Each structure stands twice: as C-alpha cells, then as structure tokens.
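1. sharing a model that was predicted from the sequence below.
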Amino acid sequence: MVLAGLLMVSSSAHAVGAVGEGYKWMTFAVFGVIIAITMYITYWAARRTHTTAEFYAAGRSISGIQNGWAIAGDYLSAASFLGIAGLISLYGYDGFMYSVGWLVAYITVLLVIAEPCRNIGKYTMGDILAFRNEPKKVKTVAALSTITVSTFYLTAQMVGGAVLIKTLIGIEYEISVIGVGILMLAYVVFGGMIATTWVQIVKAVLLVSASLLLVFLVWTPYGLSLPAFLDAVVGDPKVQAQVAKLLGDSAANMTPQELGQRFLEPGLFLKNPIDQISLGMALVFGTAGMPHILMRFFTVPTARDARLSVVWAMAIIGGFYVLTLFLGMGAAMHVGPANIAAIDKGGNMAGPLLAQYLGGGADTALGNLFLAFVAAVAFATIVAVVAGLVLAAASAMAHDLYVGVLKGDRATPQEQVVAARIASVIVGALAITVGILAKGQNVAHLVALAFAVAASSNLPAVFLTLYWKRCNTGGVILGMLVGAISAIALVMVSPNMTYPLKVKADAQKVIDAAPAKQLGFQAALAALDPATQEHARKDLAVLEKDIAKARDDLAKFADQTTSLVGLEQPLITLKNPGLISIPLGFFCVILGSLVYRDPRALAMWDELYVRQNTGIHAEGSVAH
Amino acid sequence: MICINAVHSCAISMASICWCMLGLRTGPRYTPYGSHAMQTSATDWSAIDADPRFQALYRKKSTFLWSLMIISVIYYFLLPVGAAYFQELFRLKVWGPVNVGILFALSEFVVAWTIAFIYSRRANAEFDVMAREIVASVHREGR
C-alpha cells in the first residue's frame, strides 16, 4: 500500500512534484498562511524602520533569546534541513558525522567573535576592520569579500531552493526563483533587519516544531528508546539492500544483520579523512567569518546578549541536528534509501517523504497535509536565509562602499537608508538573475566554497585585527585577497569541477554495461512472482533513465576535453581548499602586517583592546 | 591557536619596546572609525590598559577562553580522525546496536553545549562584573 503510493509519487515526481494533484490546494493554503504571516511582520517592521541603525541592526533592540532563534533561522538552510537528513537516510552514520561540524563552528563564534564584534562594531564586518586600519582601503576589500561570499551562498540557496520547490510541488524553476526573490526583497527593502529577524525567528520555530512532531511520530512506536529504534533500522531489508549496494563486492560474505549494522558505522560516504578535516576547518573557522552571521550580533543591545544569543543558537541548532538523526534513520527505514534516491539523488526528499508516510501515505489527506507543511517550512527556510544574505551583501555595498568609501562617511541619515534600500534591490535583482542563469548547474559545492572563502579571508583579518597588536592595514588587505583568491583558485583546479573526459568515460561505462543489465532485468520480468516483476520493472525504468542521462552527457561534452579552466584532470585531490587556504590567509595577514608601516593601527590598539573587553562606548540601542 | 597566542604576547612586548624607542606616545592622536570620535578622544585608553584590574580581566579571560577553544577544536577533529583510523573501536557495540562511533558523535554535541554553558556562566558571573567595575571607575574619574 505504502510502496504503491511511493511508486506513484516517484513516477509523477518529475511532472508535477511530490504532492499529489488532488492535494495541491493544501500546499498552497499552507504557503499562503506563511506568506501572509511574513507580510504582516514586514508591514509591522516597516513602520519601525526609519534610521540606519534600525535598517541594518534592528535598532539593537533584539533580545538575546530572540537573536538566538534568528541565528538558527539564518543558519539552518535548506541544505542542512533537508540535505543532512537525506545524507543520513542514504549513508547512515557518515551523514550524522557530517552534521557535527556545523554546530562546533559556533564555539569559535561564541569564544572569539560575538562579544568583541558587538562591543566595537556598528553595522558591517567592514566597520570592525576599519576601527584601527585605514577605513577606505579595508572597507573596500571587506565589501568585496562580503559580496563574494554572499553571492556564492546566495546562488546555492536560490538554485537549490527552486529545484526543491519544483520537486515538491511542481512549480516551474524560473517562477520559484522570481517568487522567492520578490518576497525576500519585500522583507528586506521595507522591513530591513527587523523584518528579516522576525521572518528568521518564525522560520526557526516552524522548522523545530515540524521536526519535533515528526521525530515524536517516528520514535514513539519504539518506546522512545534509542537501541530499540536503531535495532529496527538495522533489521530493515531496505537499509540492508542499500548497504549491500554501497559496498558492492565486499558485501558478498556479510549476513543481513551485519549489513544493517554497517549502516551505523563510518565509511559509507566520507572516504577521505583529509577532505573531512579540510571541510571541518572551513566550517569551524568559516562560520565566524560569515558576514550574515556576524551582522546578527549588531542587533542585540549588549555583549552579554550577544553571548546569550550564541548559547541559544547552539541549543537550537545542535538539538535540530540530533533530531535529524531520527528523521534520516526513520526515512531510511520507512521510505527506503532506493525510493528516496529515485526522486532526488542527493536525498533531499527524505524528510518530506517521511512526513508523508507518517501522515498515512501518499493517498491520504493527512499524509499530504504533512508533506505540504514540510514543503512550506522548506520554502520559509529558503526565503529567510536568502533575506539574511541579501541584507549582508547590501550593507557591504551601501554602508561600506557607497557611504564609507565613495562619500567619505559624509552622508545624511536619509541618504544612508535610501542607499541601503537601493543596494538591497540591486543585490536582489542580481540574485534572481544569477539564480535563473545557473539553472541546471551543480551548485552544491558553492556552499562549501562560501565557507572556505569566509574562513580563509574574513576570519584571519577579523581575528588578527581583534587579537594581535601588530596587525594593520597591509596585513588585512594582503591576507583577505590571498585568502579569498587562493580558496577560489584551489576549487577551480579541484575534483569539484566538471571534467569532460571523466564524465564521458563514466557515461560510456554506463552504456557499455547496460545491455547485460537489461537482459538480467528482462529475465526477472518473466518471473511468476508479482513482487519480483514489480521490482524488475522499477530497475528497468531507473536503468533507462541512467542510459538517457549518459547519452545526454556524451552529446553535451562531445567536443570538450578540458574543464572551465582548461584542465583535463584535477590538479589536486583536495575537495575543500580550507586545509591550504586558511593557514595561507593567516600567514599573509601576519606577513603583510610586518612589512607595512601603519602608526594608526598601532596607536589604536589600546583603545580597541580595552573597548572590545569592556564594552565602553559600545553602540547603544535605539529606543522606539 | 597556541602559536597565534605566542605570536601575540611576543608581538606585544616587541611592539611596546619599539613604541617607547620611537617615542610614539607623543605622536598624533588617532580616532577610531565611526561616530564616537568626540567621546573617545577624551578617554585615556593606555591608562585603562595599564590598570591592574583590566590586566587581571585580560589575563583571566584569555587563559580561560583559549583553553576552551583548544579543547573544543581538538575534541572535534578527533571525530573524523577516529572514524578514519580507529574504525574497529568505532564499530564496538556497547548498547544494543548503538556503537562507540554513535556515542562519540553524540558526545560532540554534549561537549559543545557544555563548553558554551561553562563559558557563558563564568563570563556572566565574573568577567562582566570585572568589566562593569572598570567602566564605572572610568565614568567616575571622568576619563
């Protein structure tokens, strides 16, 4: 019954999305409610947004707890909401291990970044760097870096989000890019940071309550016992089949129970520890250098609130990842890795399909209501994260570049707010354009790249400006440029890029192996057992899709032999550049500082150090 | 982190020697970027920096903060290293199907939360109080 329903879902997924045709109105109703709530928030916020401090920093009136929820809403993108549950449902333990770094990253934010930034900062990362370095020079570099990081992250969100919405409810890609873009622009342009903050809070609350409900439903049958729940996962034939498929030949001598247990052990997905350490470094140091996260600390009244907000954010984000373990494992057991991967290879549909199953299945009203709710949460997630990123990029453009560099800080408050709104529209239009242009591109590695650039460029500059007396303008400029450029360059020559020769070789392999496989499946089709027949029919359909894709690849890359930068094969095996580019970024800040002479940076050290530790003269809150 | 800390303290002493030799104390007055130029120019920051209470705050806070940072980074990287090089240990079943690997990954969350809790409790109870005293005396003396 459930399987038949899922088959229906998977067969119709590409045409109309996971939500059944008869239940679409439910999804649109839930979407409508969420849009209405956020629009009311924006209307309410717009009446409270007049000054620059209100537009960029919500008048520093957000409480620590509120900011903690907003950070979680800003940070838990669709990639972590759906992606990590998907990884767990397909690869078990490795997916869960992958989630850990995303939380540990906040230790760095809490211990070294949050409070000093609150004490000496104003609206942007550029303000922190400009405190004792030469303002025009460092603000230019900081703005460029902020816009680069935000654009990478934004592109990944726009493209990933639109694909997701299409898979879930069948809305055309371009329409959802434009829809998300316009909504997010409405929040940012009219409601500034106040609206963005509350949209993020609403989204985080929705996300956490949806996850809690699903985990409650999936875990209660096992008496809320961890071993009993995992016992069921280990004993599930669908999970065992997935492990057998992943292990290939080496699974031949294993019992079903051993195969199931293997799902709870490392090594099914993350094969190279160096890559993991490199990604871990990018996360642990990059999160603290993410402009949209840094910006959140300017919205609270004191350093104590900044501290409280990170503690809350860590509780919410960490709690969410622990819940994800149950969602992913539950989806593996109830929906099955093969069915999840059939709709989306990355596993993004694990959470939504589990919701549908727990509600009663694909042809029940409750099942579709659950699915609609999860789809709406995914939608709110994309809009909230994108709004935070656009605000960060727009503040760099308007506050750092226009007001700070071009106008030499001589802009009236009115001019500043107008500039901020115009910059938001420019960034929003850019996001929509890039989103549409990048249709069909593989953007998954852009998120990792954004973290790597933030970790190699922003963090060394901010960190050493805050904690090293000799740090100065020369170091900040050299370090930020070398850090960012080396991170991007290393990715350009890494295995993340598309190498036509390899793609063609892989495609040829699929086509060469196809006839033998086809024969096997056709033989199974002749079997008397209807279940075997059904299985064979499904396998045949998947195989045909693979062959079609292989042919497409062969045609697409027919006359290409080199990657975007003219390489036949990757120069390095490292997938994430962090391991090389982060130390390089730190080294260049130190080198540049030692070579450059900057008496102001040195003379300002006492003041910076006293103020970041005591909060004397910190930017105060604005009374409403 | 250790090396940066060392560079930091070493650089401070080096820089302060150069500072005196060059006679920079009589050099031009600089103001920070931002809107508080008027306010800050009236405050003698090096006097606060030299204040034993500020020195005590700085020393206590730095030692505490960097120890926590080093512990958390090391503990985090034990996970990928363990998963790659100590697979036999990670496979060891300890509680039904629950193995060492799962417990270790879960412990990462607990350790991160504990560090955050320990830091914020001490910062709220001790560092904030010390900072408030310094701020109060600055205002009192009208520096």
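-> It's in. Numbering: from 1, shown residues only, chains lettered A, B, ... in the order given.

2. where does chain A have low pLDDT?
-> Flagging of chain A using pLDDT under 70 yields the residue ranges A:1-17, A:621-624.

3. what sits closest to whichever residue of chain A sits closest to chain B if chain neighbours are left out?
-> Closest contact between chain A and chain B, by C-beta to the nearest C-beta, is at A:P227 (2.9 Å). For every residue, glycine as well, the C-beta is placed using N, CA and C. Nearest non-adjacent residue to A:P227, counting by C-beta to C-beta, 6 or more residues apart in numbering or on different chains: B:G96, 2.9 Å away.

4. so what does the helix or strand containing A:A419 touch, helix or strand wise?
-> Under the criterion of DSSP states H and E, A:A419 resides in helix A:413-437. Packing contacts for helix A:413-437, counted by 3 or more C-beta pairs under 8 Å, 6 or more residues apart in numbering or on different chains; DSSP states H and E, involve helix A:52-57, helix A:135-169, helix A:173-219, helix A:365-395.

5. continuing past it, what's the next helix or strand?
-> Counting by DSSP H and E, what follows helix A:413-437 is helix A:444-453.

6. what about whichever helix or strand comes after that next one, near chain B?
-> Following helix A:444-453 in sequence order, the next helix or strand is helix A:459-467 (DSSP H and E). Yes - using C-beta under 8 Å from any C-beta of the partner chain, helix A:459-467 reaches chain B at A:L464, A:Y467.

7. the inter-axis angle of helix A:459-467 versus helix A:135-169?
-> Taking axes from the mean of the first three to the mean of the last three C-alpha atoms, to 10 degrees, one finds helix A:459-467 and helix A:135-169 inclined to each other by 130 degrees.

8. any chance you could list what contacts helix A:459-467?
-> A:112-113, A:116-117, A:125, A:128-129, A:131-133, A:138, A:142, A:285-286, A:288-289, A:294, A:471, A:475-476, A:479-480, A:483, A:582, A:585-586, A:588-590, A:593, A:608, A:612, B:4, B:8 (C-beta atoms under 8 Å, 6 or more residues apart in numbering or on different chains).

9. try it again with 6 Å
-> Helix A:459-467 is contacted from outside by A:116, A:128-129, A:285, A:288-289, A:471, A:476, A:479-480, A:585-586, A:589, using C-beta atoms under 6 Å, 6 or more residues apart in numbering or on different chains.

10. how far does the helix holding A:A419 sit from the chain's center?
-> 21 Å (C-alpha atoms, centre = their mean, to the nearest Å).

11. can you check stretch A:384-391 too?
-> Its chain's average C-alpha position is 12 Å from that of stretch A:384-391, according to C-alpha atoms, centre = their mean.

12. what of stretch A:356-369?
-> 28 Å.

13. by proximity to chain A, which residue of chain B wins?
-> B:G96 (2.9 Å).

14. is it true that that residue touches A:A228?
-> No - with contact defined as C-beta atoms under 6 Å, B:G96 does not count as touching A:A228 (7.3 Å).

15. count of neighbours near residue 81?
-> As the question left the chain open, I've gone with chain A. Other residues near A:F81 come to 26 when the count uses other C-beta atoms under 10 Å in any protein chain shown.

16. wrong chain, I was asking about chain B
-> Look at B:V81: counted by other C-beta under 10 Å, it has 13 neighbours.

17. tell me who's in contact with the closest residue in space to A:F81 that isn't next to it in sequence.
-> Nearest residue to A:F81, sequence neighbours excluded (C-beta to C-beta, 6+ apart): A:T381, at 5.5 Å. The contact partners of A:T381, by C-beta under 6 Å, 6+ apart, come to A:A78, A:F81, A:K203.

18. and A:K439, by the same measure?
-> Taking C-beta under 6 Å, 6+ apart as the test, what A:K439 contacts is A:Y173.

19. between helix A:365-395 and the helix holding A:A419, find me the angle.
-> Relative orientation of helix A:413-437 and helix A:365-395, computed by the same axes, to 10 degrees: 130 degrees.

20. what residues sit buried inside helix A:413-437?
-> Within helix A:413-437, the residues scored as buried using 16 or more other C-beta atoms under 10 Å in any protein chain shown are A:416-417, A:419-421, A:423-424, A:427-428, A:430-432, A:434-436.

21. which one of the residues you listed sits closest to A:A452?
-> If you rank these by distance to A:A452 using C-beta to C-beta, A:V434 comes first, at 19.2 Å.

22. neighbours around the nearest residue to the closest one once chain neighbours are set aside, how many?
-> Of all residues not flanking A:V434 in the chain, A:T155 sits nearest, at 5.1 Å (C-beta to C-beta, 6+ apart). Neighbourhood size, A:T155 [other C-beta under 10 Å]: 22.

23. what's the answer for the one 3 residues further on, then?
-> Summarising burial for A:M158: neighbours were counted as other C-beta under 10 Å, giving 27.

24. hmm, A:I436 and it touching each other?
-> No - using C-beta under 6 Å, A:M158 is not in contact with A:I436; the gap is 8.6 Å.

25. picking up where we left off before, which pLDDT value does the model give the residue nearest to A:P227?
-> Looking at B:G96, its pLDDT stands at 90.

26. equivalent analysis for B:C20, please.
-> The per-residue pLDDT reported for B:C20 equals 41.

27. so for A:Q569, which of the helices and strands packed on helix A:413-437 sits nearest?
-> Closest approach to A:Q569 among the helices and strands packed on helix A:413-437 (C-beta to C-beta): helix A:135-169, 24.2 Å.

28. run the angle between that closest one and helix A:444-453 for me.
-> 150 degrees.

29. how near is A:V377 to A:I84?
-> 15 Å (C-beta to C-beta, to the nearest Å).

30. where do the helices sit along chain B?
-> With DSSP state H as the criterion, chain B has helices at B:2-22, B:37-41, B:45-50, B:52-85, B:87-91, B:100-122, B:128-141.

31. save these as JSON lines, and put in distance to A:V503 too.
-> Shown next, in JSON lines, are these (distance: least, C-beta to C-beta, whole Å):
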{"stretch": "helix B:2-22", "distance to A:V503": "43"}
{"stretch": "helix B:37-41", "distance to A:V503": "58"}
{"stretch": "helix B:45-50", "distance to A:V503": "60"}
{"stretch": "helix B:52-85", "distance to A:V503": "28"}
{"stretch": "helix B:87-91", "distance to A:V503": "32"}
{"stretch": "helix B:100-122", "distance to A:V503": "34"}
{"stretch": "helix B:128-141", "distance to A:V503": "57"}
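
32. minimum distance to A:F557: which of the ones you listed has it?
-> helix B:52-85 (33.6 Å).

33. hmm, that closest one in reach of chain A?
-> Yes - using C-beta under 6 Å from any C-beta of the partner chain, helix B:52-85 reaches chain A at B:L65, B:M69, B:S72, B:Y76, B:L79, B:P80, B:A83, B:A84.
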